[in-house]
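Q: okay, here's the prediction I keep looking at, along with the sequence it came from:
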Amino acid sequence: TVFSGAIFQKIGYILGTFCGVSKLSICNPTLLIYLCCSSLLFPGLIQREGGSMEQEMGELRRYRTQSISRGEFALSDSFYFYRKGLESIVDDQVTQRFSSEELVSWNLLTRTNHNFHYISLRLTVIWGLGVIIRYCVLFPLRITLAIIGISWLVIGTTLVGFLPNRRVKNWLSELVHLMCYRICARGLSATIQYHNKNNKPQKGGICVANHTSPIDIVILANDGCYAMVGQSHSGLMGVIQRSMVRSCPHVWFERSEMRDRHAVTSRLRAHVAAKRNLPILIFPEGTCINNTSVMMFKKGSFEIGGTIYPVAIKYDPRFGDAFWNSAKYNMVSYLLRMMTSWAIVVNVWYLPPMTRQEGEDATKFANRVKSAIAHQGGLLDMAWDGSLKRDKVKEEFKEHQQKMYSSMVVGKKARNSQEPHTESSKS
Amino acid sequence: MGSTNSTLSKIPNVEELMQETGFTPAHIVRLYDRFEALDKEKTGHLRPQDFGAINRLAMNPIGDRIIGAFFSPGQETVDFHSFVRILAHFRPADKKRPKDPSMPEPVNSRTSKLKFAFQLYDQDKDGKISRAELLQVLRSMLEMQVTEEQLESIADRTIQEADLDKDDAISFEEFRKSLEKVNIDHKMSIRFLR
């Protein structure tokens, strides 16, 4: 089954490339890559002025005879805000990140009638064939593999857990884990390419990666053993978690413990300090992003100390959309979608280890690591917080805009010249 | 493209809409996709909350006013046609338009854009920006950064400058006159990349 899975993977690769390119009727794969890249470099529908608020306001006020340094309000000032507001209605950078990446060209992966565009009979027939192959041939094979993989994980780790001896136990547990994850990866038809294996995370370190889906764990664990960090679940996940812990130490938190940041940090610190423990795997974004950008890293993971091993993960969207939109799909339907894609093609880059420098605080360090990952993976480095997917934007952002604008209208010494009001007059 | 046609057929009266607003079919499709993306509950209409979910808009000091511009008085929802009509104000002006006095003013001409901007100030639609209305806009843009006295003096100065007939309010003509040197087409247009 493993061998035939690989064959189907190759067929899927060829078919996908053929039909993806033929839609553009250009048989030049570099052009296709260029188009995909350009949708990364110029993300968005509309032309945006790159200037700052000051520059734009200055241009708007150019007609006025008074100098801009004296401040003053101009009726045209609001045009800047109108335009920015309307631009964001037409297209905005953040909401874009929480839905799947839109490919420039239609390809054989489209699933529903909504995305399906009728182009020609021949292409429709090929697409139909593709659906049949994916759902009726590849899917049952993959499910079998996945079941085998997970049951072996549970059984194997439990068996290893009975062994008392340290060295043999660790070696066996690594073997079991690797085997299971490799079976699971085959169950997803994952083609993984690892780059810079010399930078692989060492024991006692912390591995940090960008997060796109729960599959990231399988992808990374195919090449090395990590100690997982996460919430303890009940049900099937709970069974898996408990058996994994038997063979080597992972860090599972109860829901109540998660809220106490201090407790979490000290437990992780203890794990890292025991130099013989496996490297911890953490996803600092905190949520799944759609793999076109890297969002703000939460600084908690960077306060633990120890060496950070950054890893960049980039999925190829032409063969399978790996992003888990947790608002749209639950875990089961997500896994079903994964197993009925052509393949999951992934590039994993191991980046050189980083440590916190003297005088650098956790946030700056987190940003430094984030830029390195974004740069390597060809993803956009965004300053937005991933939790914006669920929360509304904070009032601080609005106040920041107001502050910037007020310095243009009344000058920098705005409030100091008057009696400070303790209660602001809200309109 | 096949995709354009299939989406266009989903929109009722799309020919009329294109005629009225001057958007190309490709732009209409883009706006339709955006409309559907904002309409999370798939009701076919947008409500103020759907606009509020856009983060960049929520942090815009006059975000609420911009949202308000989409909803006619008394209406709580906006359909795709109205959505496009409002956005049409921000289409770049057509350079080669013949000046035909018998045709109605296109929605993205300089005058129409100015009128749209005027309406954002003039919330009660009486044709004049009163001192109180100006103060409201100033308050949204500056909120807690300046004192009430400073706001009032700014409002007074602005009205003094623009108000030519000394009625303590800014009419549309006075508004237009005070902004005659501003490159409205450049500053109040959104250009589509594709």
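A: Nice, thanks for sending it over.

Q: tell me how many other residues crowd the closest residue in space to residue A:83 that isn't next to it in sequence.
A: Nearest non-adjacent residue to residue A:83, counting by C-beta to C-beta, 6 or more residues apart in numbering or on different chains: residue B:188, 6.1 Å away. Backbone N, C-alpha and C define where each C-beta goes, glycine included. Neighbourhood size, residue B:188 [other C-beta atoms under 10 Å in any protein chain shown]: 24.

Q: residue B:188 is in contact with residue B:118, isn't it?
A: No. The pair residue B:188 / residue B:118 is not scored as a contact, 11.8 Å apart, by C-beta atoms under 8 Å.

Q: the spatially most central residue of chain B in helix, strand or coil?
A: For chain B, the residue nearest the mean C-alpha position is residue B:116 (5.3 Å; C-alpha atoms, centre = their mean). Of the three states, residue B:116 takes helix under DSSP: H, G, I helix; E, B strand; the rest coil.

Q: list the contacts of it.
A: B:69, B:89, B:188 (C-beta atoms under 8 Å, 6 or more residues apart in numbering or on different chains).

Q: apply 7 Å and report the result again.
A: Neighbour list for residue B:116: residue B:89 [criterion: C-beta atoms under 7 Å, 6 or more residues apart in numbering or on different chains].

Q: next, the buried residues of the host helix or strand of residue B:173.
A: For residue B:173, the host element (DSSP states H and E) is helix B:172-178. Within helix B:172-178, the residues that count as buried by 16 or more other C-beta atoms under 10 Å in any protein chain shown are B:172, B:174, B:175, B:176, B:178.

Q: which ones among those also lie next to chain A?
A: B:175, B:178 (C-beta under 7 Å from any C-beta of the partner chain).

Q: thought residue A:376 was touching residue A:312?
A: Yes. Contact criterion C-beta atoms under 7 Å: residue A:376 and residue A:312 qualify, at 4.3 Å.

Q: more neighbours, those two?
A: Between residue A:376 and residue A:312, counted using other C-beta under 10 Å, the more crowded position is residue A:312 (21 against 18).

Q: residue contacts, the more buried one?
A: A:210, A:349, A:351, A:373, A:376, A:377.

Q: which non-adjacent residue is nearest the fourth one?
A: Distances taken as C-beta to C-beta, 6+ apart put residue A:312 closest to residue A:373, at 4.6 Å, once the chain neighbours are dropped.

Q: which stretch of helix or strand covers the one you found?
A: strand A:308-315.

Q: and what of residue A:276?
A: Counting by DSSP H and E, residue A:276 is found in no helix or strand.

Q: what's the burial count for the residue lying closest to residue B:35 once chain neighbours are set aside?
A: Excluding the flanking residues, the one nearest residue B:35 by C-beta to C-beta, 6+ apart is residue B:80, at 5.3 Å. Per other C-beta under 10 Å, the neighbour tally for residue B:80 reads 22.

Q: now do the strands in the chain.
A: I went with chain A, as the question did not name one. Counting by DSSP state E, residue ranges of the strands within chain A are A:190-195, A:206-209, A:227-231, A:251-253, A:280-282, A:293-294, A:308-315, A:344-350, A:380-381.

Q: actually chain B
A: Going by DSSP E, chain B shows strands at B:128-130, B:169-171.

Q: quick one: pLDDT of residue 37?
A: With no chain named, the answer covers chain A. If you check residue A:37, the pLDDT there is 40.

Q: meant chain B actually
A: 82.

Q: what about it, how many neighbours?
A: So residue B:37, with other C-beta under 10 Å, has 13 neighbours.

Q: against chain A, how distant is residue B:22?
A: As for residue B:22, its distance to chain A is 16 Å (criterion: C-beta to the nearest C-beta, to the nearest Å).

Q: tell me where the stretch 51-200 of chain A has helices.
A: A:53-60, A:77-90, A:93-97, A:121-132, A:139-161, A:166-187 (DSSP state H, counting those that start in this stretch).

Q: mean pLDDT lowest for which of those helices?
A: helix A:93-97 (a mean of 60).

Q: remind me which residues of the chain are low pLDDT?
A: Chain wasn't specified; assuming chain A. Along chain A, the parts satisfying pLDDT under 70 run over A:1-51, A:62-71, A:92-119, A:258, A:327, A:382-396, A:411-427.

Q: my bad, chain B
A: B:1-5, B:95-104, B:193-194.

Q: now the helices for it?
A: B:2-8, B:14-21, B:25-38, B:48-52, B:55-58, B:63-70, B:80-88, B:110-121, B:131-142, B:148-162, B:172-178, B:184-187 (DSSP state H).

Q: next, count neighbours for residue A:58.
A: With other C-beta under 10 Å as criterion, residue A:58 counts 13.

Q: chain B versus that one, what's the distance?
A: Counting by C-beta to the nearest C-beta, the gap from residue A:58 to chain B is 12 Å.

Q: which ones are touching residue B:52?
A: residue B:58.
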